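A.B. asks: Output the structure for:
(chains A and B)
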Amino acid sequence: MLFNSITFLLFLPTVFVIYWVFGTKKVIFQNGILLFSSLVFYASWDYRFLGLLTISILLDYFSGLKIAQINDKKVKKVWLSLSIFFNLGFLALFKYYNFFITSFTETLSKFGVESNFSILKIILPIGISFYTFHGLSYVIDVYKNKIKPEKNLINYALFVSYFPLLVAGPIERATHLLPQIKAKRIFCSQKAAEGIKQIVWGFFKKVVVADNCAFFVNQIFDNHQSFSAAELWLGAILFSFQIYGDFSGYSDIAIGVSKLFGIDLITNFKFPYFADSLKTFWQRWHVSLTSWFRDYLYRPLGGSFGSSWNSIRNVFLVFLISGFWHGAKFTFLIYGIIHFVLYELENYNNHKTENTCYRFIKILKTFLLVTISRIFFRAETLTIGFDYFVHLFDFSFTSLHFFYKNSKFILLSFISVFSILLMLFLEYKNGIEENGVVKLSVHLTFAIIIIIFFMGSFQKELPFIYFQF
Amino acid sequence: MKHFLKKIFIYGFLVFVAINLIAWLSLSSLQNSSFYKPSYLKYEIKEENFDYIVIGSSVGLTGLDTKLIDSIQKTKGINLSMDGTFLNSNHLMLQHFFALNKKTNYCILAVNPNDIVNSKPKLNLNDYRFLPFINEDYVFEYYNKMENDNFKILSNSKYFPFLGVSLYNSELFYPSLLVAIHPKTHNRFDDNGNYAYVGNTVLEDKKTKKIIINWNNPYVEKIKNLCLKNKTKLIIYLAPKYKTEVENQNKKYEIINFTSEIVDSKMFYDSIHINESGRRQVSEKIAKTLIMK
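C.D. replies: Coordinates of the predicted model:
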């Protein structure tokens, strides 16, 4: 059930009405309705995935209780290790097993050794990377005494499976979400109205910005050798806006939907393309994941304390693992490594300035560096990624004919550019310090809805990119 | 809560009215223009009687030059073929033609052999071009029959025009803005409804393949019956296909088999479409062999 599907358009109002009509007396009713709806939502992808989700919920729920009950630090650690082992084990099995086996057998065959490992014919359960990280953060926080374990299974199950964030985040923290789940929600029309505006804004970013850019991006990346350097540059730039519109659009819809049920989710994007350095970029892009890695990987490893070598190693590991988190492909590893290299280089050469012109250049530079790194994120294989990258600098062929080859292409080029500029303008106008939320007036919301209907791309129902992770 | 729902209902209703109004204006603008063939036939073509019409897919649109045929035979013909369509859409076009009270002596159905074989016709790529005529029963019934999704967007556009117009916004909404200023703009066809491909792609030199086709598509018979009902003679024109010869074993229909008529690869735009030179040669031959006056 995609957020941009007719089924969801029927599902959401139904749950909303049932929730506020039948769930107002007790919090347990509210949570029960939300949990049931979340399971229906998840089962709509494939009911078989429910089994794994249930195991994951039960594993972390009981691990949390055990860790809190036991006083012996060693036994506590065993329970924590078990939970981490099983959580990461599921992730490794479903997401990375085939990748490691294939890479291993390929390496062996290069040395002339024939191996007989078979790959698994399994589908990646949707949202596994997200709900595994939910569960892990909860168990670690209980272990570190940051929170008390949740005794009510319904509350905990809802924390992990809450449908707005189940399949593509934001990756919530128990410290933020569980207290809201445990408290009875009272309808607030202002919050609900904000939610609807945020949903509309999210749809605009997904259906108008991302899906129109996808029309060009898919053709360019699928057959990059037929395009000029200028077209490849534009293809990469449009991909940057596609993935931003797609993922931040999803997050906006998720946060907006959640507001309808009286629950605030953490902000996932804080206008990252206005970042003037890679450091600030990562403080604004997929914030829930970056902060997860900061709190549960970077800091436990020692963070920036200790020798500079240790600090560099920690940054390297965070970028490498966060790249690999996106999927079992070498392209994602390279994506992570590129960001590590650029990040470290920037650390040695970062001058703070108040000069507007210089700041604009820095914003542009950051955007271009991110855009180039994304070539590897989007490319099917490393070879294609490198080839695309090399062709970017082949200035013997600089035509932009692809974008105006017929009236349809001219029109879609216009819509893409217009929608990107409108998005950036509204983000800028709302102030980049506004905590990542574009505040729309009623009139503007009305106009955006009209734009969605007459500029949106609807013929191909394109799934959200981050659903595959 | 009640206050919120009331507000949502009011704003939702306003949005609903606004998008439907825009969509309705858009369809009206297209209907009163010559942009797509169905509208062109109603808005621009004032003649009611024709010697012949050509219906079909891109092989008809780009493979027969009615202007050239008319200049040789001194006839009055029009090309109503549309790219991206198949026999079911061609049947719809013929229904549309007769519904506009127009008459023709001959109907040339230009087809690609593959289309005749297809036993399960479905909604075609450019069928949205009939959407400005959704209030006509034959268009509504066509969409209703061809749409297989649970939610029939084109059919339901009869009641909520925003559905079809937003789904095909780049094909319907933006052209409607253009034709509001220039209503006689054509979408890739000339005043007689023809269009030609220029140039050619390199085609592999291979041995001519002989094929026998099964006449599975139910719309051939439907088109024939519609022609009979309107006292029109149906001629099926099998368009040239590179290095392919269809063996005609069907005696039920009057067929002009030109599948192997063009052998020179320079006269093909691609393997199933002839270019401007090929079109000239074929049209001249049609004009000499098929007397429609």
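
A.B. asks: Check which element follows the longest helix that chain A contains along the chain.
C.D. replies: The residue-count maximum for a helix in chain A (DSSP state H) belongs to helix A:229-260. Later in the chain than helix A:229-260, the nearest helix or strand by DSSP states H and E is helix A:278-284.

A.B. asks: If you count contacts, what does that next one end up packed against?
C.D. replies: With contacts taken as 3 or more CB pairs under 8 Å, 6 or more residues apart in numbering or on different chains; DSSP states H and E, helix A:278-284 sits against helix A:330-348, helix A:356-378. Placement of C-beta: from N, CA and C, glycine included.

A.B. asks: Quick check: phi and psi on B:His273?
C.D. replies: For B:His273, the backbone dihedrals (degrees, to the nearest 10) come out as phi -120, psi 130.

A.B. asks: give the contact list for A:Ile337.
C.D. replies: A:Phe316, A:Phe319, A:Leu320, A:Gly323 (CB atoms under 8 Å, 6 or more residues apart in numbering or on different chains).

A.B. asks: ok, 10 Å please
C.D. replies: By CB atoms under 10 Å, 6 or more residues apart in numbering or on different chains, the residues touching A:Ile337 are A:Phe316, A:Phe319, A:Leu320, A:Gly323, A:Ser373, A:Phe376.

A.B. asks: got the residues of the stretch 351-469 of chain A near chain B?
C.D. replies: A:406-408, A:411-412, A:414-415, A:442, A:445-446, A:449-450, A:452-459 (CB under 10 Å from any CB of the partner chain).

A.B. asks: From those, list just the buried residues.
C.D. replies: Among those, the ones that count as buried by 16 or more other CB atoms under 10 Å in any protein chain shown are A:411-412, A:415, A:445-446, A:449, A:452-458.

A.B. asks: Pick out the most distant pair among the contacts of A:Ile337.
C.D. replies: The largest separation in those, counting by CB to CB, is between A:Phe316 and A:Phe376 at 16.6 Å.

A.B. asks: May I see the buried residues of stretch B:281-293?
C.D. replies: B:Gln281, B:Val282, B:Ser283, B:Ile286, B:Ala287, B:Leu290, B:Met292.

A.B. asks: Likewise for stretch A:335-351?
C.D. replies: Neighbour counts using 16+ other CB under 10 Å place A:Tyr335, A:Gly336, A:Ile337, A:Ile338, A:His339, A:Phe340, A:Leu342, A:Tyr343, A:Glu346 of stretch A:335-351 among the buried residues.

A.B. asks: thinking again about what came up before, which of the buried ones among the residues of the stretch 351-469 of chain A next to chain B fall in strands?
C.D. replies: Counted as lying in strands by DSSP state E, out of those, is not a single one.

A.B. asks: Now whichever residue of the stretch 51-200 of chain A sits closest to chain B: closest residue in space that isn't a chain neighbour?
C.D. replies: Minimum separation of the stretch 51-200 of chain A from chain B (CB to the nearest CB) falls at A:Ser189, amounting to 3.9 Å. Excluding the flanking residues, the one nearest A:Ser189 by CB to CB, 6 or more residues apart in numbering or on different chains is B:Phe4, at 3.9 Å.

A.B. asks: got a list of what the one you found touches?
C.D. replies: A:Trp20, A:Phe187, A:Cys188, A:Ser189, A:Gln190, A:Lys191, A:Ala192, A:Ala193, A:Ile196, A:Leu260.

A.B. asks: Let me see the confidence value for the residue nearest the centre of chain B.
C.D. replies: Centroid-nearest residue in chain B: B:Met82, 3.0 Å away (criterion: CA atoms, centre = their mean). Looking at B:Met82, its pLDDT stands at 95.

A.B. asks: Tell me the secondary structure of it, please.
C.D. replies: Recorded secondary structure, B:Met82: coil (DSSP: H, G, I helix; E, B strand; the rest coil).

A.B. asks: isn't it right up against B:Val59?
C.D. replies: No. Using CB atoms under 10 Å, B:Met82 is not in contact with B:Val59, being 11.2 Å away.

A.B. asks: Surely B:Ile211 is in a helix?
C.D. replies: No. With three-state DSSP as the criterion, B:Ile211 is strand rather than part of a helix.

A.B. asks: Quick check: bridge partners of it?
C.D. replies: B:Val246 (DSSP bridges).
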